[in-house]
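Asks: missing the sequence, but the structure's below:
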């Protein structure tokens with residue numbers, strides 16, 4: 001396990017802080033991606049970046065402590081990414097005090113920082129009914145439509161896909177769990193919750209099964225996560241389990257350096273039943289990586 005010290009928390013002025021961890025850039029061998037040192041530096045980054053879904057994995061023990069044991073069943077984590085980190089850089093996750101929500105359940109502010117105080121991500125976490133006023137739901141509501149898309153030009157708001165097979169096999173996920181920043185027993189013991197619980201990065205990957213069939217783009221390009229929200233509806237998500245995924249493009253936007261797309265997806269058991277989890281994701285494609293912007 002990638003454990004420098006056992007999990008412990010500190011408390012000050014209602015804020016719960018986890019230990020400092022050094023997340024691994026698991027995709028550093030993906031040549032040409034934002035996780036590749038050489039390519040990332042060409043695009044103006046300090047080095048290959050740690051994926052945002054890896055940063056998710058520092059939060060669950062904190063959220064269970066602050067929001068309660070049901071977080072894996074009907075909780076959410078909604079993060080907007082501010083500054084990328086590189087392989088092994090130290091970061092610390094924080095959760096503010098839990099506050100009651102009008103619709104029931106609890107919500108708390110969350111954020112992650114480097115030891116120097118640089119904010120890596122920020123957002124909200126909740127437990128209870130699906131949070132329609134999360135960090136990303138509020139940001140999505142203020143998105144301005146794009147006026148000049150080149151990489152995403154073939155993609156349209158409202159594009160949908162349905163019944164996309166999705167499965168995360170333990171043969172793929174177990175090596176990551178062995179080096180995860182915050183291990184949890186339910187990731188390795190199926191007896192706890194009725195199956196091997198997917199760590200957040202694997203749960204997010206299961207919900208991303210819609211991406212390739214849903215998006216039409218003009219490549220080549222380099223992409224990166226801009227924001228991710230994982231909402232458990234009837235969780236947890238399991239590995240070695242067959243799901244079907246549905247997805248929809250919600251918005252297309254742009255910035256001086258990126259083209260961006262927001263999409264939502266749901267997964268449900270392939271054998272039938274209600275949705276287990278949903279994802280709201282902002283993906284950014286770097287203009288500097290595309291010949292369409294050269």
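Replies: Nice, thanks for sending it over. As the structure is a computational prediction, the values presented were derived from the model and not from experiment. Numbers count the residues shown, from 1 in each chain.

Asks: And the helices in the stretch 101-250 of the chain, which stretches?
Replies: 135-141, 170-177, 200-207, 211-214 (DSSP state H, counting those that start in this stretch).

Asks: ok, the residue nearest to residue 148 when sequence neighbours are not counted - contacts?
Replies: Leaving aside its chain neighbours, residue 148 sits nearest to residue 254 (6.6 Å; criterion: CB to CB, 6 or more residues apart in numbering). In this view, the C-beta of every residue, glycine as well, is placed from N, C-alpha and C. The contact partners of residue 254, by CB atoms under 8 Å, 6 or more residues apart in numbering, come to 146, 147, 148, 149, 260.

Asks: Residue 85 too?
Replies: 23, 49, 50, 55, 91, 114, 120.

Asks: try 10 Å
Replies: The neighbourhood of residue 85, defined by CB atoms under 10 Å, 6 or more residues apart in numbering, consists of 22-23, 25, 46-47, 49-50, 52, 54-55, 91, 112, 114, 118, 120-121.

Asks: Which of the residues you listed are buried, as a PyMOL select command?
Replies: In PyMOL, a selection of the buried entries from the contacts of residue 85 looks like this (16 or more other CB atoms under 10 Å):
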select buried, resi 23+25+47+49+50+52+54+55+91+112+120+121
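
Asks: In strands, which of the contacts of residue 85 fall?
Replies: 112, 120, 121 (DSSP state E).

Asks: contacting residues around the first one?
Replies: Listed by CB under 10 Å, 6+ apart, the contact partners of residue 112 are 18, 21, 23, 55-56, 58-59, 79, 81-83, 85, 91-94, 118-123.

Asks: number of nearby residues for residue 82?
Replies: Number of residues near residue 82 (other CB atoms under 10 Å) recorded here: 15.

Asks: again, but for residue 184
Replies: Using other CB under 10 Å: residue 184 sits among 18 other residues.

Asks: on that earlier part again, against residue 151, how distant is the residue nearest to residue 148?
Replies: Applying CB to CB, to the nearest Å, the value for residue 254 to residue 151 is 10 Å.

Asks: Can you check which residues contact both of those two?
Replies: 285, 287.

Asks: which of the contacts of residue 254 are buried?
Replies: By 16+ other CB under 10 Å, those give 146, 149, 260 as buried.

Asks: The last one: which element?
Replies: When secondary structure is defined using DSSP states H and E, the element that contains residue 260 is strand 258-269.

Asks: who does whichever helix or strand comes after that strand touch, helix- and strand-wise?
Replies: Per DSSP H and E, the first helix or strand lying C-terminal to strand 258-269 is strand 277-286. Under the contact criterion of 3 or more CB pairs under 10 Å, 6 or more residues apart in numbering; DSSP states H and E, strand 277-286 touches helix 52-55, strand 75-81, helix 135-141, helix 200-207, strand 223-232, strand 243-254, strand 258-269.

Asks: Can you get me the start-to-end distance on stretch 250-265?
Replies: End-to-end distance for stretch 250-265: 10 Å, by CA to CA, to the nearest Å.

Asks: which parts of that stretch are buried?
Replies: Buried-residue list, stretch 250-265, by 16+ other CB under 10 Å: 250-254, 258-265.

Asks: Pipe those into a markdown table and attach distance to residue 207 per row.
Replies: Formatted as a markdown table, those follow (distance: CB to CB, whole Å):
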| residue | distance to residue 207 |
| --- | --- |
| 250 | 14 |
| 251 | 17 |
| 252 | 20 |
| 253 | 21 |
| 254 | 24 |
| 258 | 22 |
| 259 | 22 |
| 260 | 18 |
| 261 | 15 |
| 262 | 14 |
| 263 | 10 |
| 264 | 9 |
| 265 | 5 |
